[in-house]
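**Student:** Pasting the sequence and the predicted coordinates here, then a few questions.
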There are 2 protein chains.
Amino acid sequence: MVIDKCGESLITSGMPIGIFDSGVGGLTVVRAMEEHLPNENLVYFGDTARYPYGTRSPEIVTEFALQNAGLLTSFGIKLLIVACNTASSVAIPILQKNIDVPLIGVILPGAVDAADSTKNGKIGVIATQGTVKSNAYKTAIHNRNSDVSVFSKACPLFVALATEGFSGDIVQRIAHYYLDELIQEGIDTLVLGCTHYPLLKKDIQEVVGDGVNLIDSADATVKVVKEYLHSNNLINSSCNKLPDKFIVSDSPENFMEIGSNFLKHRINNVNLIRIR
Amino acid sequence: MVIDKCGESLITSGMPIGIFDSGVGGLTVVRAMEEHLPNENLVYFGDTARYPYGTRSPEIVTEFALQNAGLLTSFGIKLLIVACNTASSVAIPILQKNIDVPLIGVILPGAVDAADSTKNGKIGVIATQGTVKSNAYKTAIHNRNSDVSVFSKACPLFVALATEGFSGDIVQRIAHYYLDELIQEGIDTLVLGCTHYPLLKKDIQEVVGDGVNLIDSADATVKVVKEYLHSNNLINSSCNKLPDKFIVSDSPENFMEIGSNFLKHRINNVNLIRIR
């Protein structure tokens, strides 16, 4: 927590919220923020020069996460959202030690939502290889409810399918390839444990059937953010909502184009910075 | 060219050949080297911390290529092979200016092969977005034969499919999605303009039909390397063939596992270095 010389918190409700992801995926969190907390000022960083994180080692992802968090805290933020499941799964404890701002990752909210909403105690988790290997969802779900069974599956092609805007038959065939074993386990709840996956939600729902409840980690996270801001008196009550600020480490034009798919509205201005 | 004080070349036939790619893809070039030039000593660098290059800007790919080339020249190499189509498509002129070793990229050999072997003058090129945007294949093919038509198509999902070891039905459906328009143009030659694509060769051939000649840029490049070494008296004639040296910038275990698919034999030792 940032405090001044008199021990008072320097964090005020008018400050922006920082959000980072490896690339465009975290925009699903921005979309949920715009829906549920439309008055908050946002600074988003997409690390497009080093995307994707899901196939990288925990050491490198942690190093990247520290750099990204350092960049965003320089904007004087009141809260940092780690909108990348892979980074959330390996880097939260080190970020908490090193960053002087409260932070919320995307794993815990989705895990709690899943543990609380399953009826038959069988939860599926789909995510990147990095997130699955970390066991972060399994651990967080079991911390909430040790009686449930968790079935995890890495779906490495889903990120590319979402980024390229695929839908329909091809997505559903690949979804069957990955998800049939989870369906056979009889899951009633499936965590979309990667911020890219909500873009494939319709096709995934089609494949797993209506009986399976999909947990969108972006929505779950924004619910937790809202509770945090409320209980700490940090909701932005000023009328001064600024346009969201977007920053990337490579190819701003690409980000604008693909990002508009994620946000369902145009992104007009993206700044390029050097972070490597 | 590296020369000593008397103006003599310091490059000798016993020196190793350096090869770099964004990740495992360039191992298709290593495989072709092992087949056609089995006595050469190889040092391979896979930039797995910053893979993939195909979606990144020319500026960043050029910066990465310069760093990778600098790393490999420190091993005292006689030749540098840029085994990444994206890097070859944007960085060759700058590498030639800055690196003191002869170098061969993968674009020109495949382009020449295609221009020389088409019968009906209709050539397809499939590659990453970066390579397609650069127009490097189109330019190189037209420099060889200005009368042919070139139809280019970026196939961004192919890298993930190859890396994840997919084959069969799913690959063929996605191949149809990308390639049907090239087939309709009546191409008789298709350049696999990304070092990952040869792993999908069987399925791609099935989709385009036996009438279309597939040009593997790895094979084409190694033919050019062989000619270069012969005409410069640089074929390694010593009996001292050392094991190939593999270096990566992240996740050596992953590289060993996926790399074995590419090489069709086990990789036993991979060194990790820091290049960011």
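**Tutor:** Structure's in. What do you need?

**Student:** Now do the contacts for the spatially most central residue of chain A.
**Tutor:** With distances taken as Cα atoms, centre = their mean, residue A:83 lies nearest the centre of chain A, 3.0 Å away. Applying Cβ atoms under 8 Å, 6 or more residues apart in numbering or on different chains to residue A:83 gives the contacts A:19-21, A:25-26, A:28-30, A:106, A:195, A:218, A:221. C-beta coordinates here come from the backbone N, C-alpha and C atoms, glycine included.

**Student:** who are the neighbours in contact with the closest residue to it other than its chain neighbours?
**Tutor:** Distance criterion Cβ to Cβ, 6 or more residues apart in numbering or on different chains; nearest residue to residue A:83, sequence neighbours excluded, is residue A:26 at 3.1 Å. Residue A:26 makes contact with A:19-20, A:44, A:46, A:81, A:83-84, A:195, according to Cβ under 8 Å, 6+ apart.

**Student:** which of the residues you listed tops the neighbour count?
**Tutor:** residue A:84 (35 neighbours; other Cβ atoms under 10 Å in any protein chain shown).

**Student:** What separation do you get for residue A:34 and chain B?
**Tutor:** Distance of residue A:34 to chain B, computed by Cβ to the nearest Cβ, to the nearest Å: 26 Å.

**Student:** neighbours around that residue, how many?
**Tutor:** Neighbours of residue A:34 (other Cβ under 10 Å): 17.

**Student:** Doesn't it belong to a strand?
**Tutor:** No - counting by DSSP: H, G, I helix; E, B strand; the rest coil, residue A:34 is not part of a strand but helix.

**Student:** pLDDT score assigned to it?
**Tutor:** On the pLDDT scale, residue A:34 is placed at 95.

**Student:** Tell me who's in contact with it.
**Tutor:** Residue A:34 makes contact with A:244, A:263 under the criterion Cβ under 8 Å, 6+ apart.

**Student:** Kindly state the beta-bridge partners for the residue nearest to residue A:255 when sequence neighbours are not counted.
**Tutor:** Among residues not flanking residue A:255 along the chain, residue A:248 sits closest, at 4.8 Å (Cβ to Cβ, 6+ apart). Applying DSSP bridges to residue A:248 gives these bridge partners: residue A:46, residue A:272.

**Student:** Help me confirm that residue A:248 comes into contact with residue A:45.
**Tutor:** Yes - with contact defined as Cβ atoms under 8 Å, residue A:248 counts as touching residue A:45 (7.3 Å).

**Student:** Is the nearest residue to residue A:237 once chain neighbours are set aside in a helix, a strand, or coil?
**Tutor:** Among residues not flanking residue A:237 along the chain, residue A:13 sits closest, at 6.1 Å (Cβ to Cβ, 6+ apart). Classification of residue A:13 by three-state DSSP places it in coil.

**Student:** ok, now which ones touch residue A:13?
**Tutor:** A:78, A:229, A:233-238.

**Student:** For the residues you listed, which entry has the maximal number of neighbours?
**Tutor:** In these, the most neighbours by other Cβ under 10 Å go to residue A:78, 23 neighbours.

**Student:** I figured it hits residue A:15, correct?
**Tutor:** Yes - between residue A:78 and residue A:15 there is a contact under Cβ under 8 Å: 3.8 Å.

**Student:** need the residues of the stretch 1-150 of chain A near chain B, please.
**Tutor:** For the stretch 1-150 of chain A, the contact set with chain B under Cβ under 8 Å from any Cβ of the partner chain comprises A:48-51, A:55-57, A:60.

**Student:** Determine which two of the residues you listed are furthest apart.
**Tutor:** Spanning the widest gap among the residues of the stretch 1-150 of chain A next to chain B are A:48 and A:57, at 19.5 Å by Cβ to Cβ.

**Student:** which one of these two has more residues nearby?
**Tutor:** Neighbour count, other Cβ under 10 Å: between residue A:48 and residue A:57, residue A:48 has more, with 26 against 20.

**Student:** can you tell me the helix or strand for residue A:175?
**Tutor:** Following DSSP states H and E, one finds residue A:175 within helix A:169-184.

**Student:** Next secondary structure element downstream of that helix?
**Tutor:** Criterion used, DSSP H and E; the element after helix A:169-184 is strand A:189-192.

**Student:** Off-centre distance for that next one?
**Tutor:** 14 Å (Cα atoms, centre = their mean, to the nearest Å).

**Student:** who does it pair up with?
**Tutor:** strand A:122-127 (parallel), strand A:213-216 (parallel).

**Student:** Show residues contacting it.
**Tutor:** Strand A:189-192 is contacted from outside by A:110-111, A:113-114, A:117-118, A:122-127, A:137, A:179, A:182, A:198, A:201, A:204, A:208, A:212-217, using Cβ under 8 Å, 6+ apart.

**Student:** Drop the exposed ones from those residues and show what's left.
**Tutor:** Among those, those classed as buried by 16 or more other Cβ atoms under 10 Å in any protein chain shown are A:110-111, A:113-114, A:118, A:122-127, A:137, A:179, A:182, A:198, A:204, A:208, A:212-217.

**Student:** domains for chain A, by residue range?
**Tutor:** For chain A, automatic domain parsing gives the domain ranges A:17-105+A:220-272, A:108-217.

**Student:** start to end distance for the longest one?
**Tutor:** Yep, that's domain A:17-105+A:220-272 we're talking about. Terminal residues of domain A:17-105+A:220-272 lie 19 Å apart, using Cα to Cα, to the nearest Å.

**Student:** Check stretch A:234-241 too.
**Tutor:** 14 Å.

**Student:** Report the distance from that stretch to the chain centre.
**Tutor:** For stretch A:234-241, the distance to the chain centre is 23 Å (Cα atoms, centre = their mean).

**Student:** What mean pLDDT does it get?
**Tutor:** Rounded mean pLDDT across stretch A:234-241 is 87.

**Student:** ok, and what's touching it?
**Tutor:** By Cβ under 8 Å, 6+ apart, stretch A:234-241 touches A:11-14, A:37-41, A:78-79, A:228-229.

**Student:** and with 10 Å instead?
**Tutor:** A:9, A:11-17, A:37-42, A:78-79, A:102, A:225-226, A:228-229 (Cβ atoms under 10 Å, 6 or more residues apart in numbering or on different chains).

**Student:** Of the residues you listed, select the buried ones using a ChimeraX command.
**Tutor:** In ChimeraX, a selection of the buried entries from those looks like this (16+ other Cβ under 10 Å):
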select /A:11,15,16,17,37,40,41,42,78,79,102,225,226,229
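
**Student:** Let's see which of the contacts of stretch A:234-241 end up in strands.
**Tutor:** Using DSSP state E, the subset of the contacts of stretch A:234-241 located in strands is A:17, A:42, A:79.

**Student:** wait, which of those is closest to residue A:162?
**Tutor:** Among the ones in strands among the contacts of stretch A:234-241, residue A:42 lies closest to residue A:162 (Cβ to Cβ), at 21.1 Å.

**Student:** Okay, and the beta partners of that closest one?
**Tutor:** Beta-bridge pairing of residue A:42 under DSSP bridges involves residue A:17.

**Student:** Thought residue A:19 was touching it, still the case?
**Tutor:** Yes - counting by Cβ atoms under 10 Å, residue A:42 does reach residue A:19; the two are 6.2 Å apart.

**Student:** any shared contact partners between those two?
**Tutor:** Common contact partners of residue A:42 and residue A:19 (Cβ under 10 Å, 6+ apart): A:29-30, A:33, A:77, A:81, A:244, A:246.
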